[in-house]
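Asks: With the sequence up front, the predicted model follows.
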Amino acid sequence: MEINQLNLNPEQISNEKVKKLYLQVQELIEKLNHKNIPSGTVQFINQKISDVNATVLIGFQLQKLLKSTQTTIIKKLETDHKVVPKNYYRNLWTALGMSAFGLPFGLLFGLLIGNIGLMAIGLPIGLAIGVGVGTSMDKKALKEGRQIDIELKF
């Protein structure tokens, strides 16, 4: 079963940001058509695509719809099949590393030294931990063939 293509009116895609996001979602669909995805997930994606194709929104509202559709598709693929785009885990773990590891390390360091102003020292530590963990998970996904050959920028 094949995933439907986006088919919006060119007049709806007047904004440059909307155009870039539209092209990115189209590329994502093309890459997914080359993956072996179960029919239930394909039906879910086709429903989301048909919702976008049926819209009459323009400008910022269309951009929001395209972004939410793209995010919903990626989340569905990640939760059900562990299929992710390039650098998905790195981007996810960068923020998690800074907040879950960096701030506590910085707070602990600041309290031990007696200068809470040094709390920011932990952020680069958390950043490094997050990037390391995320990159290793991305490499594992690529090795297992669970990675889509596209990097989401928008």
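Replies: Sure thing, it's come through. Numbers count the residues shown, from 1 in each chain.
Asks: For the residue located most distally from the centre of the chain, give me its contacts.
Replies: Going by C-alpha atoms, centre = their mean, the residue of the chain most distant from its centre is G114, 39.6 Å out. Applying C-beta atoms under 8 Å, 6 or more residues apart in numbering to G114 gives no contacts. The C-beta positions use only the backbone N, C-alpha and C, and glycine is treated the same way.
Asks: how close does it get to L6?
Replies: Plainly put, G114 is 58 Å away from L6 if you go by C-beta to C-beta, to the nearest Å.
Asks: where does I121 land in three-state SS?
Replies: When classified by DSSP: H, G, I helix; E, B strand; the rest coil, I121 comes out as helix.
Asks: ok, it touching L111?
Replies: No: using C-beta atoms under 8 Å, I121 is not in contact with L111, being 11.8 Å away.
Asks: ok, the two, which is more surrounded?
Replies: Legend: neighbour count by other C-beta atoms under 10 Å for I121 and L111, higher for I121 (15 against 12).
Asks: excluding its backbone neighbours, what's nearest the more buried one?
Replies: Leaving aside its chain neighbours, I121 sits nearest to G106 (5.1 Å; criterion: C-beta to C-beta, 6 or more residues apart in numbering).
Asks: Equivalent analysis for K19, please.
Replies: I13 (5.1 Å).
Asks: what do you get for S14?
Replies: I58 is the one closest to S14 (C-beta to C-beta, 6+ apart), at 6.9 Å.
Asks: about what we covered before: per-residue pLDDT, the residue farthest from the centre of the chain?
Replies: In this model, G114 is scored at 92, pLDDT.
Asks: residue contacts, the residue nearest to S14?
Replies: E11, Q12, S14.
Asks: a strand runs through the residue nearest to K19, doesn't it?
Replies: No: going by three-state DSSP, the assignment for I13 is coil, not a strand.
Asks: just checking, it touches Y22?
Replies: Yes: counting by C-beta under 8 Å, Y22 is a contact partner of I13 at 5.4 Å.
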